[in-house]
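**Student:** A structural model of the following input is requested.
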Amino acid sequence: MDLFNRTTAGGTSPAGEKPARAPRRKAAKAPRAAAAATPIEEAAPTAAGLPAEAAPIEAAPAEAIEPAAAGPPARPAIARRRETAESIGKRQRDISVAEFFQKNRHLLGFDNPAKALLTATKEAVDNSLDACEEAGILPDLDIVIDEKAEDRFRLVITDNGPGIVRTQIPRVFGKLLYGSKFHTMRQSRGQQGIGISAAGMYSQLTTGQPVKITSRTGAKKPAHYFEIQIDTTRNEPKVLVDREVEWDRDHGTRVEMELAGLYKKGRRSVDDYIVQTALANPHAAVRYQPPKGDEYHRDRITSELPREPLVIKPHPYGVELGVLISMLRETKGRSLSSALQADFARVSERVAVGICKTAGLRPETRPKALGVQEIEALFRAIPKVKIMAPPTNCIVPIGDELLLVGLKETVKAEFYTSITRPPSVYRGNPFQIEVGLAYGGELPADELVDLWRFANRVPLQYQQSGCAIARAALTTDWRKYGLQQSKGALPAAPMVLFVHMVSVWVPFTSESKEAVAAYPEIIRELRLGLQEVGRRLGGFLRHRRRLAEEDKKKSYIKSYIPHIGIALREILGLTKQDEAKVVEVLTETLERSRTL
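**Tutor:** Below is the predicted model of the structure:
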């Protein structure tokens, strides 16, 4: 190029002056400048028009730029192909919910092999218990886990429930977000219609095997056998096998799947989950065959089913603006007043008129004629009107007596207590807290308290640190009740703490249903329940300490009674028989004073 030729051809500048030697550090940068050939060539015409002394690169001698020739030839920069709105639009499409959860299976509790085996078991057991209770049948559950390989298991759950009608079986097990509980306001284990179909999807993803279902709805009806997979692109079931089979049960459902997993014992294991499930469901008979070890069998503690929870309407205090807009658009009520009475719990005619007047609306206004601003005024008026708390016949706790019996059968301890708090409300949803405690006995004394968390009779095994139940237990001052506790930790004591929340809608923190959200109303009720059992435990520990001190004093005094007898014999001249009688009387007096 002209720029380099003028400075290197004759070794002198056009003015005949000897060129100055460039500093070494600038010469070291010359290869980098030479490598960027294209930008330099583009700038050449401008640089050529400058005086020699104005262009620093002209002062570099030929030997300073020779290293550039030794390097690899520079590649011209490739211009990036830019997207257009049209090309982006062509790539956009719907995302199936099954596709989403297939890529984000950790949201459903399938993020590691040990947890995946537990989650699949839990979802199948929850469905079985719910089905039996809804049909008024005392549950009999058979759970079998066979180890096919070190990281592969066959899971079989069999129940004696009402069965599933043939046409619904593919959708129940092969379609995510399909169920009967999402739109009802009553206590149940399942809520979202995801669980069992997600377990089948995980089985399909990790082993390629379909879910196998056998179900029968009555003794005089045939049993149907299905093999089902999920078409994740459409979130629809793919039926591979559909036939009638012979089955030795009059009614019920059997679910079998193969999945990748890891079996372990101890805390947060399938074994631990089964034991806790039996405790929270005293009306169920449970038989469990683990891949290793002895079979676990627990007969039902009671032959009475829990009271059936009733379906309730949503409470006005828990409704959100968007939901209220949709409800008023779809209501069958002809007037605003009648719509509020028909669609909400605890809204009488007097309450409905009060809400309308507070919002500045006429009670006889047609609901579908209201604009967004008018509905927002109605929404803001609801909290200003006093409304009764929602009914609590939609929730069914375990109960003090059954919880206490279950704890005594499950945990070998010295002291037991339990409490069921009165119903309360968060965001218009009724809920109730139960707390049980077992202390001493065979429990390890040098470990932290074992906290068992439950929601709607289902054990919560993971995400303890993010759960309202754990938060309430950590922030309770257990030192008041005689236990040792470090700051920000559970107390160290030989104790099992059982905490249970029942509600028409448990506010889980994620789709995997492993932790309860920390609403202030929930935290308050949890603390009150924990403090009550803590006070009872404190009373027991004080009483035991008092007895220990009395025994110490008694043994101290008792050791002197023989010496008192000898002294009396010598002073009073008693016989050996009289001395023995004196010792006996003094011992009986000591025992009697202790009991008083």
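
**Student:** going by C-alpha atoms from here, please, whenever you check contacts or count neighbours.
**Tutor:** Noted.

**Student:** what's next to the helix or strand containing residue 469, contact-wise?
**Tutor:** In the assignment (DSSP states H and E), residue 469 maps to helix 468-474. For helix 468-474, the surrounding residues in contact (Cα atoms under 8 Å, 6 or more residues apart in numbering) are 451, 453, 464-465, 488-490, 499, 515-519, 522-523, 526-527, 530.

**Student:** can I get it in PDB? Just the C-alpha atoms.
**Tutor:** C-alpha atoms of helix 468-474 as PDB (Å, rounded to 0.1, in the frame of the first residue of the first chain):
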ATOM      1  CA  ALA A 468     -43.500 -21.700  57.000                       C
ATOM      2  CA  ILE A 469     -43.700 -24.600  59.300                       C
ATOM      3  CA  ALA A 470     -39.900 -24.800  59.700                       C
ATOM      4  CA  ARG A 471     -39.800 -21.000  60.100                       C
ATOM      5  CA  ALA A 472     -42.300 -21.000  62.900                       C
ATOM      6  CA  ALA A 473     -40.400 -23.800  64.700                       C
ATOM      7  CA  LEU A 474     -37.100 -22.000  64.300                       C
END
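
**Student:** and it, how far from the chain's centre?
**Tutor:** With Cα atoms, centre = their mean, to the nearest Å as the basis, helix 468-474 stands 14 Å off its chain's centre.

**Student:** going forward, count from 698.
**Tutor:** Got it, first residue is 698 now, which makes that one helix 1165-1171.

**Student:** where exactly do the strands run in the stretch 1148-1293 of the chain?
**Tutor:** 1155-1157, 1192-1200 (DSSP state E, counting those that start in this stretch).

**Student:** oh sorry, the question was meant for the stretch 898-1047 of the chain
**Tutor:** Using DSSP E, counting those that start in this stretch, strands in the stretch 898-1047 of the chain cover 908-913, 920-928, 933-942, 949-957, 982-986, 993-995.

**Student:** mind listing what the residue positioned nearest the centre of the chain touches?
**Tutor:** For the chain, residue 1211 is the residue whose C-alpha lies nearest the centre (Cα atoms, centre = their mean; 1.2 Å). Applying Cα under 8 Å, 6+ apart, we find residue 1211 in contact with 1157-1161, 1164, 1205.

**Student:** same check on residue 1092?
**Tutor:** Counting by Cα under 8 Å, 6+ apart, residue 1092 has contacts 883-884, 1006-1007, 1127-1129, 1199-1201.

**Student:** go through those and name the one nearest residue 1079.
**Tutor:** Nearest to residue 1079 among these, counting by Cα to Cα, is residue 1127 at 17.9 Å.

**Student:** returning to that earlier point: what's the most distant pair in the contacts of residue 1211?
**Tutor:** 1158 and 1205 (13.2 Å).

**Student:** out of these two, which sits in the busier spot?
**Tutor:** residue 1158 (23 against 16; other Cα atoms under 10 Å).

**Student:** so that one sits against residue 968, correct?
**Tutor:** No. Look at residue 1158 against residue 968 with Cα atoms under 8 Å: they stay out of range, at 11.4 Å.

**Student:** now the strands of the stretch 898-1047 of the chain in a markdown table, with mean pLDDT?
**Tutor:** Shown next, in a markdown table, are the strands of the stretch 898-1047 of the chain (pLDDT from 0 to 100):
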| stretch | mean pLDDT |
| --- | --- |
| strand 908-913 | 95 |
| strand 920-928 | 94 |
| strand 933-942 | 93 |
| strand 949-957 | 94 |
| strand 982-986 | 95 |
| strand 993-995 | 93 |
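
**Student:** kindly reformat the ones you listed as TSV containing distance to residue 1277 and mean neighbour count.
**Tutor:** Converted to TSV, the strands of the stretch 898-1047 of the chain look like this (distance: least, Cα to Cα, whole Å; neighbours: other Cα atoms under 10 Å):
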stretch	distance to residue 1277	mean neighbour count
strand 908-913	79	25
strand 920-928	82	23
strand 933-942	84	15
strand 949-957	74	23
strand 982-986	59	19
strand 993-995	55	15
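
**Student:** distance to residue 837 added to these, as JSON lines?
**Tutor:** Output for the strands of the stretch 898-1047 of the chain, formatted as JSON lines (distance: least, Cα to Cα, whole Å):
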{"stretch": "strand 908-913", "distance to residue 837": "15"}
{"stretch": "strand 920-928", "distance to residue 837": "19"}
{"stretch": "strand 933-942", "distance to residue 837": "22"}
{"stretch": "strand 949-957", "distance to residue 837": "10"}
{"stretch": "strand 982-986", "distance to residue 837": "5"}
{"stretch": "strand 993-995", "distance to residue 837": "10"}
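
**Student:** who wins for proximity to residue 1081 among those strands?
**Tutor:** strand 933-942 (46.1 Å).

**Student:** separation between the residue nearest to the centre of the chain and residue 1063?
**Tutor:** 43 Å (Cα to Cα, to the nearest Å).

**Student:** now residue 1039
**Tutor:** Residue 1039 is 14 Å from residue 1063, by Cα to Cα.

**Student:** the closest residue to residue 854 other than its chain neighbours: which element?
**Tutor:** Leaving aside its sequence neighbours, residue 854 sits nearest to residue 840 (Cα to Cα, 6 or more residues apart in numbering; 4.8 Å). Per DSSP H and E, residue 840 falls inside strand 837-846.

**Student:** what's in contact with that strand?
**Tutor:** 822, 825, 850-857, 981-988.

**Student:** so which of these are in helices?
**Tutor:** 822, 825 (DSSP state H).

**Student:** so what are the domain limits for this protein?
**Tutor:** If you go by automatic domain parsing, the domain ranges for the chain are 699-767, 796-995, 1013-1081, 1097-1237.

**Student:** and residue 1140, what are its phi and psi?
**Tutor:** With angles defined as degrees, to the nearest 10, residue 1140 sits at phi -70, psi 140.

**Student:** then the one 3 residues further on?
**Tutor:** With angles defined as degrees, to the nearest 10, residue 1143 shows backbone torsions of phi -100, psi 20.

**Student:** which residues does it contact?
**Tutor:** 1189-1191.

**Student:** flag the shaky bits of the protein, pLDDT-wise.
**Tutor:** 698-769, 774, 876-880, 888-890, 1247, 1253, 1287, 1290-1293 (pLDDT under 70).
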